[in-house]
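1. model the structure of this input:
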Amino acid sequence: MNMQNTIAALRGGLLQQDRLLKLDTPLGANVLTVQRAVGRSRIGRAYEFALDVLSTDSDLELKKLIAQPITLWLQQADRSYRPISGYVHTARRLGADGGLTTYQLTFADFTHFLKFRRDQRIWNDAAVDQIISDVLNCHPQAQGHFRFALSKPLPSRSYTRQHDTDWHFIHRLMEDEGLYCTWQQADDGKSHTLVITD
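-> Residues are numbered from 1 along each chain as shown. Model prediction:
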């Protein structure tokens, strides 16, 4: 334990050192400590985690966390940590007991933002990978964080029309072409990449 952690512990703070679950947020180190994590992740779909977190600060401005990146670290059997990064979309205060306040944060991958944009667009003579790239590049969180791993080039489609949310549209296109997606987490926990493959 380093000197800063020792001082924080003496002041009655919470420490994340050597815990099974750790959390990085824009609020800083040891502001929130994970008490419980429940998540769901499926091949071909988004992932989402709900975290019950503890803090000695009963007055956190939760709205500052909305749409901000966070990383949940899961301790592995060899004591290393596996990161799961995402963006907070829900934050609420659950209650307080003595000097500790419990909050709940829910975060998901960047495709969560695709559910809030609906568009009417038309593509002529474009392959599905180009169309999906066009849609994903409209979202700042997705730019530079997706790639295609295809065994062969996709054929051009003579006419493609979007009339639904970006999320439904790209999933509809992937299903039409027999594509699916997986997620790769950066080792530093700072980002995640959508990998679309056949």
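2. only C-alpha atoms from now on, for both contacts and neighbour counts.
-> Fine.
3. the residue sitting nearest the centre point of the chain in helix, strand or coil?
-> Residue closest to the mean C-alpha point of the chain, counted by C-alpha atoms, centre = their mean, is G86 at 1.9 Å. Under DSSP: H, G, I helix; E, B strand; the rest coil, G86 falls in the strand class.
4. my read: it touches D109, true?
-> Yes - with contact defined as C-alpha atoms under 8 Å, G86 and D109 form a contacting pair (4.6 Å).
5. what do those two both touch?
-> Counting by C-alpha atoms under 8 Å, 6 or more residues apart in numbering, the contacts common to G86 and D109 are H192.
6. just the buried residues of the longest helix seen in the chain, please?
-> When the chain is parsed with DSSP state H, its longest helix is helix 166-177. Going by neighbour count (16 or more other C-alpha atoms under 10 Å), the buried part of helix 166-177 is 166-167, 169-171, 173-174.
7. hang on, the earlier thing: what are the bridge partners for the residue nearest to the centre of the chain, then?
-> With DSSP bridges applied, the residues forming beta bridges to G86 are I70.
8. wait, which of the buried residues of helix 166-177 is closest to I70?
-> Within the buried residues of helix 166-177, distances to I70 taken as C-alpha to C-alpha reach their minimum at W167, with 21.5 Å.
9. quick check: pLDDT value at that closest one.
-> For W167, the model assigns a pLDDT of 94.
10. kindly report the same for L15.
-> L15 carries a pLDDT score of 64 in this model.
11. could you do W183 as well?
-> The per-residue pLDDT reported for W183 equals 95.
12. that one contacts T193, correct?
-> Yes - using C-alpha under 8 Å, W183 makes contact with T193 at a distance of 5.7 Å.
13. once you drop chain neighbours, what's closest to G189?
-> Using C-alpha to C-alpha, 6 or more residues apart in numbering and skipping residues adjacent in sequence, the residue nearest G189 is P83, 5.0 Å away.
14. is the one you found in a helix, a strand, or coil?
-> Going by three-state DSSP, the secondary structure assigned to P83 is strand.
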